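Q: This is a predicted model, with the sequence first.
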Amino acid sequence: MSKLQSKIYANALSMMGALVFVVVIFIVFSRPGLINKLGSRSILLYQVSFSSQAKNVLGQLAHEKTGNAVKLLQDPKWTNVLLDDRPYYLKREVLKSLCRVFHGNKDYKQLLHWATVWRDLDERDVDAMAFWYEALRHTPDRRKIGVNGLSEGQKKFPGNVLFQKFYFQSQKNSGKSLTQNLAISDKQKLIIQRALKGWELRWRWKLRHVLAEPVGELQQHFMNQNWGEAWSALIRMVQIVKLWAIDESIDEKGYVVFSIDPDKDDWMHVSAVIPRQMSTLRVDLPPFSSAIISELNLTIDGILKSLSNDWFEYVNLVVDQDSIKAKGFEDSHFILNMSSLDRLGDDRVMKINIRFKLSVIDLFGNSNNLSHKIVRDALAKNEPKAGE
């Protein structure tokens, strides 16, 4: 780079820095409520640190990496978190996810250790019980305790999927009577029914999503030394930040809780009417679901949109080729940045529809696509037996 180019580059940076400073001052004076809000949130930094650490290790556990989760739980900061403490729900989710990974890897020694730690914290936690008995079932000198515990647990807690899975898996290789087969069928139906309920769709205007495109352009123009275009990109960013600072309407957000149901072509649909300016969609799967989403697409006002993988963020989900896998985490969701999509229209609102195929993991770890027929059978009431 020549001396002249270096000087131009330095001057451009100085001007941009000054422009950003002006925008910050503008925000302070035009929207003091925002600053007060940010200041009050700083009080929550201690809790946020727990949440941030938990989110990090949960993301690693979704990819079956256990090392950092173990280190976190051994850290005095986390070992001191007890049942009645506010961050306990995060510790519980880490423990449950860690146990799930050790169980999936058939590392029953580690499973027994961490399930015992979990039970010592809360002996009434049914999921902790299920993992503990399952670990004992694979411990030679305590196998009988484990088998009996699973048998009693699946009767005492018929709605707990873990107890049902572990019990029926323990019975897989044994001879099953007709009654046991009917019980398995009922539990499989329960898994399907739960996979259809408790979905959430959220929408909002999010500054970092709206800025993503101009920021990318700015970086590219800097690399290519296209100073005029870089300046235009920066001006566009400033305009967006000003809009965020003064237009309270963009704070509008919403969500809906819903159940899904396959149509006759076996497609699941998530639909809503939302403000046209919204930049961000978030879809939450039912808590603790083990499911696979495939062939996902989006329409806005009936027009199919081409989606880029770069526009998606995944939390406690694993992306494998063209599918999105949930592995039983409490908070599994994906976020779509729509800011680069054409959302032009005359109405203030737009109708969005997310369509996909859904498979669930059954009692024995098999993946089954939820077709229209399978769901109808699972939702149908059992026919009364003769003489009843």
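A: Sure thing, it's come through.
Q: can we go C-alpha only for contacts and neighbour counts from here?
A: OK.
Q: Could you point out which residue ranges in the stretch 151-300 of the chain have low pLDDT?
A: 173-184, 210, 212-214, 216-218, 221-222, 225, 228, 230-231, 233-234, 236-251 (pLDDT under 70).
Q: same thing but 80
A: 172-187, 206-252 (pLDDT under 80).
Q: again with the stretch 1-150 of the chain
A: 1-48.
Q: Surely His63 touches Val318?
A: Yes: using Cα atoms under 8 Å, His63 makes contact with Val318 at a distance of 6.9 Å.
Q: All the strands of the stretch 201-350 of the chain, in order from the start?
A: 253-258, 268-275, 280-284, 290-300, 303-305, 312-315, 317-320, 323-327, 333-337, 349-361 (DSSP state E, counting those that start in this stretch).
Q: Strand partners (parallel or antiparallel) of the first one?
A: Meaning strand 253-258. Applying DSSP bridges, strand 253-258 is found paired with strand 199-204 (antiparallel).
Q: Can I get the strand it pairs with in PDB, CA atoms only?
A: Only the C-alpha atoms of strand 199-204 are listed here, as PDB (Å, rounded to 0.1, in the frame of the first residue of the first chain):
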ATOM      1  CA  TRP A 199     -43.900 -25.600  19.700                       C
ATOM      2  CA  GLU A 200     -43.200 -21.800  19.700                       C
ATOM      3  CA  LEU A 201     -42.800 -19.200  17.000                       C
ATOM      4  CA  ARG A 202     -41.200 -15.900  17.900                       C
ATOM      5  CA  TRP A 203     -40.600 -12.800  15.800                       C
ATOM      6  CA  ARG A 204     -38.800  -9.500  16.300                       C
END
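Q: Would you mind pulling the contact partners of it?
A: With Cα atoms under 8 Å, 6 or more residues apart in numbering as the contact definition, strand 199-204 has outside contacts at 250-260, 270, 274, 278-286.
Q: now the angle from it to strand 280-284?
A: 160 degrees (axes from the mean of the first three to the mean of the last three Cα atoms, to 10 degrees).
Q: what does the model give the closest residue to Glu93 other than its chain neighbours for pLDDT?
A: Nearest residue to Glu93 in three dimensions, chain neighbours excluded: Glu330, at 7.0 Å (Cα to Cα, 6 or more residues apart in numbering). What the model reports as pLDDT for Glu330 is 81.
Q: Glu330: how many residues sit nearby?
A: 17 (other Cα atoms under 10 Å).
Q: Okay, and the beta partners of Arg204?
A: Counting by DSSP bridges, the residues bridging with Arg204 are Lys253, Thr280.
Q: burial count for it?
A: 19.
Q: tell me how far stretch 186-196 is from the chain's mean position?
A: Here stretch 186-196 is found 20 Å from its chain centre; the criterion is Cα atoms, centre = their mean, to the nearest Å.
Q: One more: stretch 338-348?
A: 25 Å.
Q: How about stretch 148-156?
A: 31 Å.
Q: Check which residues of that stretch are buried.
A: Neighbour counts over stretch 148-156 (16 or more other Cα atoms under 10 Å) mark Gly149, Leu150, Ser151, Gly153, Gln154 as buried.
Q: Is the second one in contact with Ala135, as I believe?
A: No: judged on Cα under 8 Å, Leu150 makes no contact with Ala135 at a distance of 10.4 Å.
Q: Break this protein down into its structural domains.
A: What the record gives for the chain is the domain set 3-39, 43-174, 199-376, from automatic domain parsing.
Q: could these go into CSV alongside distance to Gln193?
A: Below are the domains of the chain laid out as CSV (distance: least, Cα to Cα, whole Å):
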stretch, distance to Gln193
domain 3-39, 41
domain 43-174, 12
domain 199-376, 8
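Q: Of the ones you listed, which is nearest Ser185?
A: domain 199-376 (9.7 Å; Cα to Cα).
Q: Endpoint to endpoint, that closest one covers what distance?
A: Terminal residues of domain 199-376 are spaced 19 Å apart (Cα to Cα, to the nearest Å).
Q: Apart from its neighbours in sequence, what residue is nearest Leu281?
A: Trp203 is the one closest to Leu281 (Cα to Cα, 6+ apart), at 4.7 Å.
Q: Correction: the previous question concerned Ala115.
A: Trp132 (5.2 Å).
Q: Please name the residues that touch the one you found.
A: Applying Cα under 8 Å, 6+ apart, the residues near Trp132 are Leu111, Leu112, Ala115, Thr116, Arg119, Gly146.
Q: ok, now which ones touch the third one?
A: Spelled out, it's Ala115. Contacts of Ala115 (Cα under 8 Å, 6+ apart): Leu95, Cys99, Ala128, Met129, Phe131, Trp132.
Q: Test my guess that the fourth one contacts Leu121.
A: So the one you mean is Met129. No: counting by Cα under 8 Å, Leu121 is not a contact partner of Met129; they are 11.7 Å apart.
Q: Those two: which has the busier surroundings?
A: Taking other Cα under 10 Å, Met129 and Leu121 do not tie; Met129 has more neighbours (22 against 17).
Q: Contact partners for the more buried one?
A: Ala115, Arg119, Glu123.
Q: now those as CSV including distance to Ile300 and secondary structure?
A: Formatted as CSV, the contacts of Met129 follow (distance: Cα to Cα, whole Å; DSSP: H, G, I helix; E, B strand; the rest coil):
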residue, distance to Ile300, secondary structure
Ala115, 46, helix
Arg119, 48, helix
Glu123, 49, coil
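Q: Okay then, goodbye and thanks.
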